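Undergrad: Using only what follows, build the 3D model:
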Amino acid sequence: MVSVMIAALSGTASIGTAGLMDAFNKADLAAGLQAGQPVPRMFDVRLAGLDGGTVSCRDGVSLQPSVAAGDVAAPDLVVVPGLDDDLAASFAANRGWAPWLAKWHAAGARIAGSCTGAFLIADAGLLDGRPATTHWMFADELRRRYPAVQVTADQMIVDNGDVITSGGATAFLNLVLYLVERFAGHDRANLAAKVLLVDGHRPSQLPYVAFGPERAHDDVLVHQVQQHIDAHLGEPLRVAELAAAFGLSERTLSRRFAAATGRGPRAYLQHARIQHARRLLETTGDPIDQVRRRAGYDDPAAFRRVFKQATGLSPSGYRDAYGLR
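TA: Presented below is the predicted three-dimensional model:
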């Protein structure tokens, strides 16, 4: 059996921890449900606490670990749930897990992180110089805190062999199915996905990424340019003309745009157009060609290519997933 230890983080959403345990156990029992008789288990799943005492979640749920971290030698696999949305406070409350992760990893354990659990793994020094993912909303913060980590926020799962990270929120289900496939085989993972009614083949977080923090700046002129772009997305817009309209050189506009938003004006314009197209696909029944034109794209092939690069889906596939029912 594969020994799996799940870290019981304090003050976090109970679904992140209890959900991991339930999904592992349900996946393990799926083969027996299909066979109609007991089938040998593949995973020995235990919940561990820093001291073995009751762990309080943020939503009134309490978890009772079966073992304390100090009593665990080296499990085959350690799974770290996500932190709370108040990242700074949650990280501080659970930072004591980082030394244990480093110790178990050195003893041969594989470490897997769900969502913002990647912050504790990075704090343990296990992601330096390596690719990793986390919830897309916290990817920039992971980069800021740990510049040695190669954050690839578009990916749902990043596997370095000994350290695995995954995207946010309910992506813990994808992580469990991935781990089942890795440790117990493809057939077991497929069966578990069917029993759990989970699509375990989501390779990217891109379809879920909302409009980023491009407005969280204090450059008034850049705000004015952004408002102009938003109001004229369906029209031809050229950076040189935008710069001239606001009394700037193209170089100055590009510099100020990048400093304020993290994107140059051309990249921002493309981003804004795709976000507008996404919104139209989500909220209207307009034909896709009409959506394309309203988003400022004359070339259907170019629109499909750029849209898929940005979201991981074709326009029609995106509407099927997120459009009006």
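
Undergrad: number of nearby residues for Ser314?
TA: Residue neighbour count, defined by other CB atoms under 10 Å, stands at 14 for Ser314. Every residue, glycine included, has its C-beta placed from N, CA and C.

Undergrad: Quick one: low-confidence residue ranges for the stretch 51-200 of the chain.
TA: 169, 200 (pLDDT under 70).

Undergrad: And the stretch 201-325 of the chain, by the same measure?
TA: In the predicted model of the stretch 201-325 of the chain, residues 201-203, 206-215 satisfy pLDDT under 70.

Undergrad: mind listing the strands in it by residue range?
TA: For the stretch 201-325 of the chain, applying DSSP state E, counting those that start in this stretch gives no strands.

Undergrad: Which positions within stretch 69-82 qualify as buried?
TA: Residues of stretch 69-82 classed as buried under the neighbour-count rule (16 or more other CB atoms under 10 Å) are 69, 72, 75, 77-82.

Undergrad: same deal with stretch 151-161?
TA: 151, 153-159.

Undergrad: which residues touch it?
TA: 110, 130-134, 136, 139, 142-143, 164-167, 171, 174-175, 178, 182, 202-206, 209, 312 (CB atoms under 8 Å, 6 or more residues apart in numbering).

Undergrad: Just the buried residues out of those, in ChimeraX syntax.
TA: Under the burial definition 16+ other CB under 10 Å, those of the contacts of stretch 151-161 that qualify are selected in ChimeraX by:
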select :110,130,132,133,134,136,139,142,164,165,166,167,171,174,175,178,182,202,204,205,206,209,312
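
Undergrad: can you redo the buried residues of stretch 151-161 as TSV with secondary structure?
TA: Below are those laid out as TSV (DSSP: H, G, I helix; E, B strand; the rest coil):
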residue	secondary structure
Val151	strand
Ala153	coil
Asp154	coil
Gln155	strand
Met156	coil
Ile157	strand
Val158	strand
Asp159	strand
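
Undergrad: Closest one to Asn190 out of those, please.
TA: Ranked by distance to Asn190 (CB to CB), the buried residues of stretch 151-161 are led by Ile157 at 16.5 Å.

Undergrad: hey, what's that closest one bridged with?
TA: Ser166 (DSSP bridges).

Undergrad: thinking again about what came up before, including distance to Thr17, could the buried residues of stretch 151-161 go into TSV?
TA: Compiled in TSV, the buried residues of stretch 151-161 are given as follows (distance: CB to CB, whole Å):
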residue	distance to Thr17
Val151	24
Ala153	23
Asp154	26
Gln155	23
Met156	20
Ile157	19
Val158	21
Asp159	22
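
Undergrad: Out of these, flag the one nearest to His105.
TA: Asp159 (14.7 Å).

Undergrad: now the closest one: how far from Ala107?
TA: Noted for Asp159: a distance of 20 Å to Ala107, by CB to CB, to the nearest Å.

Undergrad: Please apply the same query to Leu221.
TA: 56 Å.

Undergrad: More neighbours: these two, which one.
TA: More neighbours surround Leu221 than the other of Leu221 and Ala107, with 15 against 11 (other CB under 10 Å).

Undergrad: The closest residue to Leu33 other than its chain neighbours: which element?
TA: Excluding the flanking residues, the one nearest Leu33 by CB to CB, 6 or more residues apart in numbering is Val195, at 6.4 Å. Secondary structure assignment for Val195, by DSSP states H and E: helix 186-196.

Undergrad: Surely the residue nearest to Leu33 and Asp28 touch.
TA: No: contact between Val195 and Asp28 fails when scored by CB atoms under 8 Å: they sit 10.4 Å apart.

Undergrad: okay, the two: which has more neighbours?
TA: A side-by-side neighbour count of Val195 and Asp28, using other CB under 10 Å, places Asp28 first with 23 against 15.

Undergrad: how near is that one to Asp44?
TA: Applying CB to CB to Asp28 and Asp44 gives a distance of 9 Å.
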